[in-house]
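Visitor: take a look and give me a structure for this.
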Amino acid sequence: MAVIVGDVQTENDAIRLKKAGGKLVAPIVTGGACHLDARMVDAALETLDLDKIDVLFIENVVILSARRV
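Guide: Model prediction:
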């Protein structure tokens, strides 16, 4: 199993997954974009040995915002 982890600014989620025992974790930091695009995913896929993966999870970027009214 492998995970591609999308994040806007940091690799914190990917680091947490690795610390929890994840061996095949590929981080994508979008630098401000609120979504992953095909080029980003393709670059992350190149860092993984796809022949050894049965299941691949791709976490899209999640942006949580709180708005006060």
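Visitor: residue boundaries of the helices in the chain?
Guide: 12-19, 38-45 (DSSP state H).
Visitor: the first one packs against which elements?
Guide: It stands for helix 12-19. If contacts are counted by 3 or more C-beta pairs under 8 Å, 6 or more residues apart in numbering; DSSP states H and E, helix 12-19 sits against strand 2-7, strand 25-29. To be clear about C-beta, it is placed using only N, CA and C from the backbone, and glycine gets the same treatment.
Visitor: might you list the low-confidence residue ranges for the chain?
Guide: For the chain, applying pLDDT under 70 flags the ranges 62-69.
Visitor: point to the residue nearest the middle of this protein.
Guide: With distances taken as C-alpha atoms, centre = their mean, residue 5 lies nearest the centre of the chain, 1.2 Å away.
Visitor: please name the bridge partners of that one.
Guide: residue 27, residue 59 (DSSP bridges).
Visitor: so residue 18 makes contact with residue 25?
Guide: Yes - counting by C-beta atoms under 8 Å, residue 18 touches residue 25, with 5.3 Å between them.
Visitor: correct me, but residue 59 touches residue 13?
Guide: Yes - here residue 59 reaches residue 13: they are 7.2 Å apart, a contact under C-beta under 8 Å.
Visitor: shared neighbours, the two?
Guide: Here residue 59 and residue 13 share the contacting residues residue 5, scored by C-beta atoms under 8 Å, 6 or more residues apart in numbering.
Visitor: quick check: residue 52 vs residue 23, distance?
Guide: Per C-beta to C-beta, to the nearest Å, residue 52 is found 10 Å from residue 23.
Visitor: now do residue 51
Guide: In terms of C-beta to C-beta, residue 51 sits 15 Å off from residue 23.
Visitor: and what of residue 5?
Guide: 13 Å.
Visitor: now swap in residue 53 and tell me
Guide: Distance of residue 53 to residue 23, given as C-beta to C-beta: 11 Å.
Visitor: pretty sure residue 56 sits against residue 4.
Guide: Yes - counting by C-beta under 8 Å, residue 56 does reach residue 4; the two are 7.0 Å apart.
Visitor: neighbour-wise, which of those two wins?
Guide: Set residue 56 next to residue 4 and count neighbours by other C-beta atoms under 10 Å: residue 4 wins out with 23 against 16.
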